[in-house]
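Colleague: sequence-free structure coming up:
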């Protein structure tokens, strides 16, 4: 199928609309012109009758009319020399019989004393009749359709000329507008094509307020997000390599020492510890990536937060000397998937364990979960970026834990707030307002 550009499509659409509109308008206009011309003919004929009645038979020697008079001066009737050009004697007698002899009452309305006769050659002969009240004296004047034909032809020619000029002007305007329209689209297209080559760094915005401007601004917003994601990805790759390099290097060096017979029993423990650390980091990375594939096709479940928190605390009892305080309300449920909510709470507790001085306190209520540690305050600048992947904390440590927390919380429609208390820091998870 042949490709048709937008300019051609717009011009084709415009011509189609104009053609249909022109045909409809022409039919209506020609009909109205014909009606107007006929009214004008009747008006002129009525004026001619006035001249004949007041000035006599010779009042209209050069007019394109024919007439028949019957009055006191012409008791047998008088026909103008040109009358036979318009109507035969037989047709005249039929008309007089119809309008005067067989009719009842006076001729009052204009519709009753005017009309037209169609001759054998399909031409129209217009007439106007004026009669006395007793219908004994009357005048009938006739003319052909040359006047109406000329008027229709002249007016139609002017209308067609105006239409032609309007179409030419409109076509030029549409052509220029469509070219401008297409040029703007092509600029956006070129910008999109060059985005990867420019590494999403070059901005382009169409400042207009129409739909193309809106499209341009939407593309610019997309570029900003992609650019941010690309930079985040690069940072993650750099941090991942750094994060994994340390345990791998330690494992390698201790393994080589064992191979050379220079390691003691503690070296095996170090290798196991570093392997566990590496496993933990890999699991975190897998968890973070798995969030990309979460979808809401599966209905959220009511998860018992009491059971979930109790299970996590049991795991940490033997991993730390910190005081673990727990205050859990009964029958508290959060909407979500258990595995992911478990990861959220576990990561926050693990983060608290890393920074707490003496204790971690977990308080669960109907619409919120608060996990507190008495460690140092989080820097206000870091609070805004603490959920970015591999963002370094106050102790120079970085990872994916809090990023996993934030991403999961957002997916389940929950709210997360980090707050510096008078002493220590609280992570507060709350239900959305419509679920409280």
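Modeller: That came in fine, so what should we check first? Because the structure is predicted, anything quoted here is derived from the model rather than measured. Numbering: from 1, shown residues only.

Colleague: what about residue 153, how many neighbours?
Modeller: 11 (other Cβ atoms under 10 Å). (Each C-beta comes from the backbone N, C-alpha and C, glycine too.)

Colleague: let me know the secondary structure of it.
Modeller: At residue 153 the chain is in helix, as set by DSSP: H, G, I helix; E, B strand; the rest coil.

Colleague: can you tell me how far it is from residue 30?
Modeller: 10 Å (Cβ to Cβ, to the nearest Å).

Colleague: now swap in residue 86 and tell me
Modeller: Distance from residue 86 to residue 30, by Cβ to Cβ: 25 Å.

Colleague: out of these two, which sits in the more crowded spot?
Modeller: Legend: neighbour count by other Cβ under 10 Å for residue 86 and residue 30, higher for residue 86 (23 against 14).

Colleague: excluding its backbone neighbours, what's nearest that one?
Modeller: Distance criterion Cβ to Cβ, 6 or more residues apart in numbering; nearest residue to residue 86, sequence neighbours excluded, is residue 142 at 4.0 Å.

Colleague: hey, where'd the strands end up in this protein?
Modeller: With strands called from DSSP state E, the chain shows them at 66-70, 78-79, 114-118, 124-131, 138-144, 301-304, 323-328, 333-336, 359-365, 368-373, 415-420, 425-430.

Colleague: so which elements touch the shortest one?
Modeller: Going back to what we said before, that points to strand 78-79. strand 66-70 (3 or more Cβ pairs under 8 Å, 6 or more residues apart in numbering; DSSP states H and E).

Colleague: other SSEs contacting the strand it packs on?
Modeller: Against strand 66-70 (3+ Cβ pairs under 8 Å, 6+ apart) you get helix 6-55, strand 78-79, strand 138-144.

Colleague: 10 Å - rerun?
Modeller: helix 6-55, strand 78-79, helix 89-96, strand 124-131, strand 138-144 (3 or more Cβ pairs under 10 Å, 6 or more residues apart in numbering; DSSP states H and E).

Colleague: turn those into JSON lines, columns for distance to residue 346 and mean pLDDT.
Modeller: Shown next, in JSON lines, are the helices and strands packed on strand 66-70 (distance: least, Cβ to Cβ, whole Å; pLDDT from 0 to 100):
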{"stretch": "helix 6-55", "distance to residue 346": "56", "mean pLDDT": "78"}
{"stretch": "strand 78-79", "distance to residue 346": "119", "mean pLDDT": "84"}
{"stretch": "helix 89-96", "distance to residue 346": "110", "mean pLDDT": "84"}
{"stretch": "strand 124-131", "distance to residue 346": "99", "mean pLDDT": "86"}
{"stretch": "strand 138-144", "distance to residue 346": "104", "mean pLDDT": "87"}
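
Colleague: nearest to residue 276, out of the ones you listed?
Modeller: Taking Cβ to Cβ, helix 6-55 is the member of the helices and strands packed on strand 66-70 nearest to residue 276, at 61.9 Å.

Colleague: return the list of helices and strands in contact with the closest one.
Modeller: With contacts defined as 3+ Cβ pairs under 10 Å, 6+ apart, helix 6-55 has these neighbours: strand 66-70, strand 114-118, strand 124-131, strand 138-144, helix 146-194.

Colleague: and the angle from it to strand 138-144?
Modeller: Using axes from the mean of the first three to the mean of the last three Cα atoms, to 10 degrees, the inter-axis angle of helix 6-55 relative to strand 138-144 is 150 degrees.

Colleague: so which of the helices and strands packed on helix 6-55 gets nearest residue 363?
Modeller: helix 146-194 (50.4 Å).

Colleague: check the offset of the closest one from the chain's centre.
Modeller: 26 Å (Cα atoms, centre = their mean, to the nearest Å).

Colleague: any low-confidence regions in the stretch 301-436 of the chain?
Modeller: Applying pLDDT under 70 to the stretch 301-436 of the chain flags residues 381-401, 433-436.

Colleague: helices of that one, start to end?
Modeller: Using DSSP state H, counting those that start in this stretch, the helices assigned to the stretch 301-436 of the chain run over residues 305-316, 338-355, 380-383, 401-411.

Colleague: residue 144 is in contact with residue 125, correct?
Modeller: Yes. Under the criterion of Cβ atoms under 10 Å, residue 125 makes contact with residue 144 at 5.9 Å.

Colleague: okay, and the common contacts of those two?
Modeller: By Cβ atoms under 10 Å, 6 or more residues apart in numbering, residue 125 and residue 144 have these common neighbours: 66, 85, 86, 116, 119.

Colleague: how many neighbours does residue 356 have?
Modeller: There are 22 residues near residue 356, going by other Cβ under 10 Å.

Colleague: same thing with residue 331?
Modeller: The burial count for residue 331: 8, using other Cβ under 10 Å.

Colleague: tell me how far the residue lying closest to it once chain neighbours are set aside lies from residue 71.
Modeller: Leaving aside its chain neighbours, residue 331 sits nearest to residue 306 (7.4 Å; criterion: Cβ to Cβ, 6+ apart). Computed as Cβ to Cβ, the residue 306 to residue 71 distance reads 120 Å.

Colleague: could you do residue 192 as well?
Modeller: Residue 192 is 91 Å from residue 71, by Cβ to Cβ.

Colleague: ditto for residue 237
Modeller: For residue 237, the distance to residue 71 - Cβ to Cβ - is 115 Å.

Colleague: neighbour count for the two, which is higher?
Modeller: residue 71 (14 against 11).

Colleague: my read is that residue 137 contacts residue 72, right?
Modeller: Yes. Counting by Cβ under 10 Å, residue 72 is a contact partner of residue 137 at 6.9 Å.

Colleague: which one of the two has more residues nearby?
Modeller: residue 137 (17 against 7).

Colleague: so how far is residue 78 from that one?
Modeller: For residue 137 relative to residue 78 (Cβ to Cβ), the value is 12 Å.

Colleague: what does residue 163 give?
Modeller: 48 Å.

Colleague: picking up where we left off before, got a list of what the residue nearest to residue 86 touches?
Modeller: 45, 65-68, 80, 82-83, 85-87, 91-92, 95, 116-117, 125-128.
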